[in-house]
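>>> Below is the structure, and that's it, no one-letter string:
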Ligand SMILES: *Cc1c(COP(=O)(O)O)cnc(C)c1O
């Protein structure tokens with residue numbers, strides 16, 4: 001195999017199916033500012049996802065930034081270190097103070113049992129992440145939020161289409177944020193959304209993402225430009241026609257990996273909790289002490305064979321310099337998150353991944369487990 005195999009590849013609909021959309025856009029000359037495709041995609045996505053209201057954005061990070069603005073969040077926000085940096089960056093960009101809580105070893109999510117001890121009088125909100133698309137302990141999180149009067153904003157960037165007991169996880173909390181970046185399960189090249197539960201909130205978010213304009217002469221807030229353009233919205237509508245097949249493919253590929261890796265000591269895949277309809281967003285495996293190589297040795301071995309697996313999420317957000325000086329960022333406060341950051345690797349997973357590539361990957365892991373290619377440190 002000559003070419004590099006990346007951890008993800010964008011879901012690209014057939015080019016010829018996109019042409020008629022482009023012709024319509026050129027015809028109408030309506031390129032952005034809440035055009036017909038934008039309106040249609042908001043409606044169709046809300047229907048598809050089973051949510052009341054959805055506000056499209058030009059990317060997920062702007063959606064996150066706007067979520068804190070619209071709720072008027074101040075002070076401290078409790079979040080997880082085991083995520084993509086944009087999660088915590090959205091707090092710093094709003095002048096908020098992130099407070100990190102350790103990770104649940106089974107779900108990779110913010111550990112709801114360690115949440116209460118992180119609440120202070122300055123806490124106003126919780127920002128959990130449905131990591132890899134596995135739902136957080138939303139019941140416990142929201143019980144505490146209710147008791148302490150906190151807002152809950154879910155970073156649901158990985159959770160497109162995920163359900164718990166048949167209900168979209170995006171219905172939980174005050175707001176949820178999606179990312180439609182090219183690397184995500186559903187993409188609009190760049191893009192994102194805020195999910196909210198009432199029309200009034202949607203109206204306020206729509207003002208904020210358009211500079212605060214209500215009409216030609218009235219500006220009600222210091223808004224931003226977060227609008228999705230018509231080309232992206234059209235691309236999203238087309239993509240929506242292919243998403244079910246893509247999710248089926250992802251499921252089949254995950255089950256195939258599960259079978260291939262089942263008997264390798266020290267390698268364990270993620271376990272999906274009962275009642276969860278997962279979207280197979282990632283294929284993380286835990287490389288434990290029982291495996292012949294460390295996670296980083298396995299990463300290098302795969303890379304040497306042109307398999308570009310990724311260490312999601314390493315380093316932890318709390319290890320980056322703009323976060324690491326906080327008390328909550330100390331390693332003692334985040335033992336499980338540090339373990340996961342040292343032991344997890346995500347294998348390539350995308351619709352169209354060939355089963356023979358999966359065989360090659362599993363073969364390399366299997367072979368390493370019986371005859372490690374690196375001498376153990378003690379034998380050097
Ligand atoms: C991708 C991602 C984001 C950022 O979304 P963009 O659309 O790339 O701005 C935020 N949080 C998480 C957890 C992500 O994976």
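That came through, no problem. Quantities reported herein were computed from a predicted structural model and do not represent experimental measurements. Numbers count the residues shown, from 1 in each chain.

>>> Which residue is the nearest non-sequential neighbour of residue 295?
Leaving aside its sequence neighbours, residue 295 sits nearest to residue 287 (C-beta to C-beta, 6 or more residues apart in numbering; 4.2 Å). (C-beta placed from N, C-alpha, C; glycine too.)

>>> what's the answer for residue 53, then?
residue 202 (4.2 Å).

>>> for the helix or strand hosting the one you found, the distance to its chain's centre please.
For residue 202, the host element (DSSP states H and E) is helix 199-208. Centroid displacement of helix 199-208 relative to its chain, using C-alpha atoms, centre = their mean, to the nearest Å, is 23 Å.

>>> Tell me which other helices or strands the very next helix or strand once past that helix touches.
Reading on from helix 199-208 to the C-terminus, the next helix or strand found by DSSP H and E is helix 230-240. Helix 230-240 is packed against helix 15-28, helix 36-49, with contacts defined by 3 or more C-beta pairs under 8 Å, 6 or more residues apart in numbering; DSSP states H and E.

>>> If you count neighbours, what's buried in the last one?
So that's helix 36-49. Of the residues in helix 36-49, those with enough neighbours to count as buried (16 or more other C-beta atoms under 10 Å) are 37-38, 41-42, 44-46, 48-49.

>>> Now tell me what touches that helix from outside.
If you take C-beta atoms under 8 Å, 6 or more residues apart in numbering as the criterion, helix 36-49 is touched by 21, 25, 28, 30, 32, 52-56, 160-161, 168, 170, 188, 193, 195, 227-230, 233-234, 236-237, 240, 243.

>>> I would like a ChimeraX command selecting only the buried ones among these, please.
For the buried members of these, the matching ChimeraX selection, counting by 16+ other C-beta under 10 Å, is:
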select :21,25,30,32,53,54,55,56,160,161,168,170,188,193,195,227,228,229,230,233,234,236,237,240,243
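
>>> so how many other residues sit close to residue 126?
29 (other C-beta atoms under 10 Å).

>>> can you give me the strands for the stretch 151-300 of the chain?
Taking DSSP state E, counting those that start in this stretch as the test, the strands found in the stretch 151-300 of the chain are 151-155, 163-164, 167-168, 175-179, 192-196, 267-269, 276-277, 283-287.

>>> ok, the fifth one near the ligand or not?
Yes: shown here: strand 192-196 in contact with the ligand (C-beta under 6 Å from any ligand atom) through residue 192.

>>> Parallel or antiparallel, list what pairs with that strand.
strand 53-57 (antiparallel), strand 175-179 (antiparallel) (DSSP bridges).

>>> The ligand is nearest to which of those strands?
With distances scored as C-beta to the nearest ligand atom, the stretch of those nearest to the ligand is strand 175-179 (3.3 Å).

>>> How about residues contacting that closest one?
Contacts to strand 175-179, defined as C-beta under 8 Å, 6+ apart, come from residues 59-61, 63-64, 67, 70-71, 153-157, 159-160, 169-170, 191-196, 201.

>>> how's the protein carved up into domains?
The chain breaks down into these domains under automatic domain parsing: 15-239, 243-370.

>>> returning to what we had before: and the residue nearest to residue 53, what does it touch?
With C-beta under 8 Å, 6+ apart, residue 202 has these contacts: 53, 55, 196.

>>> Ok, residue 71 next?
125, 151, 153, 174-175.

>>> please redo it, this time with the cut-off set to 7 Å
Residue 71 is in contact with 151, 174, counting by C-beta atoms under 7 Å, 6 or more residues apart in numbering.

>>> Spatially nearest residue to residue 235 (excluding sequence neighbours)?
Once flanking residues are discounted, residue 235 sits nearest to residue 188: 5.5 Å by C-beta to C-beta, 6+ apart.

>>> swap in residue 60?
The shortest distance from residue 60 to any non-neighbouring residue, by C-beta to C-beta, 6+ apart, is to residue 179 (2.9 Å).

>>> Do you know the pLDDT at residue 2?
Note for residue 2: predicted pLDDT of 70.

>>> I meant to write residue 372 there.
At residue 372, pLDDT is 67.

>>> which bits of the stretch 1-150 of the chain sit near the ligand?
Within the stretch 1-150 of the chain, the positions adjacent to the ligand are 59-61, 83-84, 86-87, 129 by C-beta under 6 Å from any ligand atom.

>>> what comes into contact with the longest helix belonging to the chain?
Looking across the chain with DSSP state H, the single longest helix is helix 243-261. Helix 243-261 is touched from outside by 11, 161, 186, 267, 269, 279-280, 283, 285, 347, 349, 351, 353, 355, 358-359, 362, 365, with contacts defined as C-beta under 7 Å, 6+ apart.
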